[in-house]
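> With the sequence up front, the predicted model follows.
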Amino acid sequence: MTTSTTAPAAATPAPTHAAYFAFRDRLLGELRTTPLGDAELRDAGRLIYGAPENLSLYGIPAPRMAAAGIRLLGRTTIECCIDAYTAPVADALAEIQAAHHTGEPEPPGGEPPFVADLFCGSGNFGHHLGRRLGFPVHASELDPDVHDATRRNLDLIGSDIRLSQLDYRDLLGKLPPRSPRDTYAVEPPWGPAFTPAGLDLTRTSPPVPEVLGHIRASRAGMPCYVAVKTNDQLAHDSLDRSFAGSVHLRTVTPPPTLPRGANMDFHLYRLD
Ligand SMILES: C[S@@+](CC[C@H](N)C(=O)[O-])C[C@H]1O[C@@H](n2cnc3c(N)ncnc32)[C@H](O)[C@@H]1O
């Protein structure tokens, strides 16, 4: 297993874990569909990632988001994948794909491989994957409030991500396989899958094994890549069980800033 670390800026002072969990509850509760203001965005950076500027999306750190017109809802603020996490994941995937596919003939029809960000949220995962791999990005987001905020943010930054307000299965239905380099970002909401015992990927909403089944069914046997985000405390061997029959390529582990169970890991797989 290869591990990559990208250190966020230093934390001063360290937030208490109780403050983090209380803020997390507010983001997923009363502030769930509320766009955060400047002070709340800075608090989010400090409490979740150790410093206001460590909450950064599309290359824009939290202290500049309000002035830049970025709209981040409470739920997306806690659910999103920040720049310091997604950029190394995209680098790792680019390296893996270069090693596996250099010299391969282009697919017939001249259509480039794609990135599909199935559970788009802020769109920052697809944003980094698409830019680094040089592939067009298709994204689905079911929640109309999240969709509208992200649509506006992507327009503000001049992104050409093709975002639709859709269930991920409908996006899969519109995306026939193009290349063995096609890459899917899979990050469904955790909801009841996240307990003190750890994160159970078979209980996310929808369950990760079900999402992988729908991806496979859409591919007509053509392999592809999958990037999945988890926390750092997995329950019931659920990562291995979800990806049974797939090839684990790499795990990218950002430096922890929170208690065990609240930090992020990213796993790259090849689905054959
Ligand atoms: C954990 S967040 C993803 C965060 C994202 N990776 C980011 O960087 O911001 C999951 C998102 O998936 C959306 N979602 C939930 N069920 C969905 C479905 N069936 N199809 C598409 N999107 C869905 C939720 O509304 C939520 O915004």
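Arrived safely, thanks for sending.

> Only C-alpha atoms from now on, for both contacts and neighbour counts.
OK.

> what residue ranges in the stretch 1-150 of the chain score low on pLDDT?
Counting by pLDDT under 70, the stretch 1-150 of the chain has low-confidence residues at 1-16, 106-109.

> Around the ligand, which positions in the stretch 1-150 of the chain sit nearby?
Contacts of the stretch 1-150 of the chain with the ligand, taken as CA under 6 Å from any ligand atom, map to 76, 79-81, 118-125, 140-143, 146.

> so of those, which ones are in helices?
76, 79, 124-125, 146 (DSSP state H).

> Quick check on those residues: which are buried?
Among those, those buried by neighbour count (16 or more other CA atoms under 10 Å) are 76, 79, 124-125, 146.

> Near the ligand, which residues of the stretch 151-272 of the chain are found?
166-168, 187-189.

> Which ones among those lie within helices?
Those of those lying in helices (DSSP H): Y168.

> Rebuild the residues of the stretch 151-272 of the chain next to the ligand as CSV, extending it with pLDDT.
As requested, those are exported to CSV (pLDDT from 0 to 100):
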residue, pLDDT
L166, 97
D167, 98
Y168, 98
E187, 97
P188, 97
P189, 96
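
> from the residues of the stretch 151-272 of the chain next to the ligand, which would you call buried?
Buried subset of those (neighbour count, 16+ other CA under 10 Å): 166, 168, 187-189.

> Dump these to JSON lines, plus distance to P61.
Output for these, formatted as JSON lines (distance: CA to CA, whole Å):
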{"residue": "L166", "distance to P61": "28"}
{"residue": "Y168", "distance to P61": "29"}
{"residue": "E187", "distance to P61": "22"}
{"residue": "P188", "distance to P61": "24"}
{"residue": "P189", "distance to P61": "24"}
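
> Which member of the ones in helices among the residues of the stretch 1-150 of the chain next to the ligand is positioned nearest E104?
Closest to E104 out of those is F125 (26.2 Å), distances taken as CA to CA.

> Can you give me every residue that contacts that closest one?
81-82, 86, 117, 185 (CA atoms under 8 Å, 6 or more residues apart in numbering).

> pretty sure A185 contacts F114?
No - with contact defined as CA atoms under 8 Å, A185 does not reach F114; the gap is 11.0 Å.

> ok, H267 - contacts?
227-230, 248-252.

> do the same with H17
Neighbours of H17 in contact, by CA under 8 Å, 6+ apart: 258-259.

> Quick check: the gap between it and Q165.
35 Å (CA to CA, to the nearest Å).

> just S246 next, same as before
29 Å.

> what about these two, which has more around it?
Q165 (19 against 15; other CA atoms under 10 Å).

> any idea of the pLDDT on the more buried one?
At Q165, the predicted lDDT confidence score is 98.

> show me the contacts for it.
140-144, 147.

> and the residues you listed as CSV, adding neighbour count?
Converted to CSV, the contacts of Q165 look like this (neighbours: other CA atoms under 10 Å):
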residue, neighbour count
S140, 24
E141, 24
L142, 16
D143, 15
P144, 13
H147, 21
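
> So which of these sit within strands?
Per DSSP state E, strands hold the following members of those: S140.

> Could you identify the most distant pair in the contacts of Q165?
Farthest pair in the contacts of Q165, by CA to CA: S140 and P144, 10.8 Å.
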